[in-house]
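> sequence and computational prediction follow.
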Amino acid sequence: MPIRAVIWDIDDTIFDYTGADRVGMHRHLASEGLPGGYASVEQALDGWRALTDVHWARFAAGETDFQGQRRDRVRAFLGRPLTDAEADDWFAGHLAHYEAAWSLFPDAAPVLELLAGRYRQAVLSNSSIVNQDRKLRVLGVRDRFEAVVCAVELGVSKPEAGAFHAACDALGLAPKDVVYVGDHPDIDAGGAVAAGLNGVWLDRGGRGGRPDLVRITGLDQLPGLLAGNTRFGASDTFG
């Protein structure tokens, strides 16, 4: 059976989340000042990213809610107790700078356009529909996707099979007819394969080291991979 649809991760797959988050926090610290415990802005930026990973994992595991993980990140980053309102205010300052830095990766829009006439497309994200739908609209690509499915509303997140199956259900397609593309080898590609989809790991950094996964290093390689989709029967590597 040929591939009929592509379901996408958003952050660090089509949208440069890491770049925007880093630029936004850099600008926020320029106005707020460097928190104690960090010797430099670069160290603080690295600390913020590490805390983001930790608290997103807690959110994905159901240990906190979406707003809670934001507040906990701020408290851990600043190293002091804050009320919910204080944490929300501080995060809102970062959010304004972060959103001002939003951009797609250069290869994203051309590939979305190229695939539009050949495959159905949707999104599965571990964020919330409020954030991701708005993001896609601001970036000018919301109309490329038939459905946007998000973990906050589902109550289940990647790499759980239920998240992937919900996205397939939104398109009315069987998992075997769908490719999932994302930047995380386990949460995205590995989770998709375990759920019965065809998984593609977008390894923009060229890390490699996962021969069990189908891997590309840029989205420009995806159309050719899809056109020869019998390769999904075994791992493949591009780049």
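Structure received. Predicted model only: the values in this text are computed from it and were never measured.
> contacts for the helix ranked longest in the chain, please.
As assigned by DSSP state H, the longest helix anywhere in the chain is helix 41-60. Contact with helix 41-60 is made by 18, 21-22, 25-26, 29, 34-35, 38, 64-66, 68-70, 72-73, 76-77, 126, 151, 157-158, as judged by C-beta atoms under 8 Å, 6 or more residues apart in numbering. C-beta here means a position set from N, CA and C on the backbone, and glycine is covered the same way.
> drop anything exposed from the residues you listed.
Buried by 16 or more other C-beta atoms under 10 Å: 21-22, 25-26, 29, 38, 64, 69-70, 72-73, 77, 126, 151, 157-158, out of those.
> let's see which of those end up in helices.
Going by DSSP H, the helices hold 21, 22, 25, 26, 29, 69, 70, 72, 73, 77, 151 from the buried ones among the contacts of helix 41-60.
> mind pulling up the pLDDT for the second one?
Per-residue pLDDT puts residue 22 at 94.
> now it: how far from residue 74?
16 Å (C-beta to C-beta, to the nearest Å).
> now do the third one
Residue 25 is 11 Å from residue 74, where distance means C-beta to C-beta.
> helices of this structure, start to end?
Counting by DSSP H, the chain has helices at residues 17-32, 41-60, 66-78, 84-100, 108-116, 129-138, 151-154, 161-171, 191-194, 222-227.
> what residues of the fifth one count as buried?
Same thing as helix 108-116. 108, 109, 111, 112, 115.
> now, which of those sits nearest residue 133?
Nearest to residue 133, judged by C-beta to C-beta, of the buried residues of helix 108-116 is residue 112 at 15.9 Å.
> make sure the closest one is actually in contact with residue 121.
Yes: the criterion here is C-beta atoms under 8 Å, and residue 112 meets it with residue 121 at 7.0 Å.
> any residues in contact with both of those two?
Common neighbours of residue 112 and residue 121 (criterion: C-beta under 8 Å, 6+ apart): residue 144.
> OK, contacts around the residue most central in space within the chain?
Nearest residue to the geometric centre of the chain (C-alpha atoms, centre = their mean): residue 11, 2.9 Å. Each residue near residue 11 by C-beta under 8 Å, 6+ apart is listed here: 17, 125, 127, 183.
> equivalent analysis for residue 38, please.
44, 47.
> one more: residue 140?
By C-beta under 8 Å, 6+ apart, the neighbours of residue 140 are residue 109.
> ok, residue 93 - how many residues close by?
Residues lying near residue 93 (other C-beta atoms under 10 Å) number 15.
> residue 33 is in contact with that one, correct?
No: at 11.6 Å, residue 93 does not count as touching residue 33 under the criterion of C-beta under 8 Å.
> on that earlier part again, among the ones in helices among the buried ones among the contacts of helix 41-60, which two are most distant?
Spatial extent of these (C-beta to C-beta) is set by the pair 29 and 151 at 29.0 Å.
> pLDDT weak spots in this structure?
1, 229-239 (pLDDT under 70).
> and this structure, what are its domains?
5-16+103-233, 17-100 (automatic domain parsing).
> tell me the most buried of those?
The highest mean neighbour count among these, using mean count of other C-beta atoms under 10 Å, belongs to domain 5-16+103-233: a mean of 19.
> gap between that one and the chain center?
Domain 5-16+103-233 has its C-alpha centroid displaced from the chain centroid by 9 Å (C-alpha atoms, centre = their mean, to the nearest Å).
> please apply the same query to stretch 77-88.
On C-alpha atoms, centre = their mean, the centre of stretch 77-88 falls 26 Å from that of its chain.
> kindly check the end-to-end length of that stretch for me.
13 Å (C-alpha to C-alpha, to the nearest Å).
> what's it in contact with?
Residues from elsewhere that reach stretch 77-88, judged by C-beta under 8 Å, 6+ apart: 35-37, 44, 47-48, 51, 67, 70-71, 74-75, 90.
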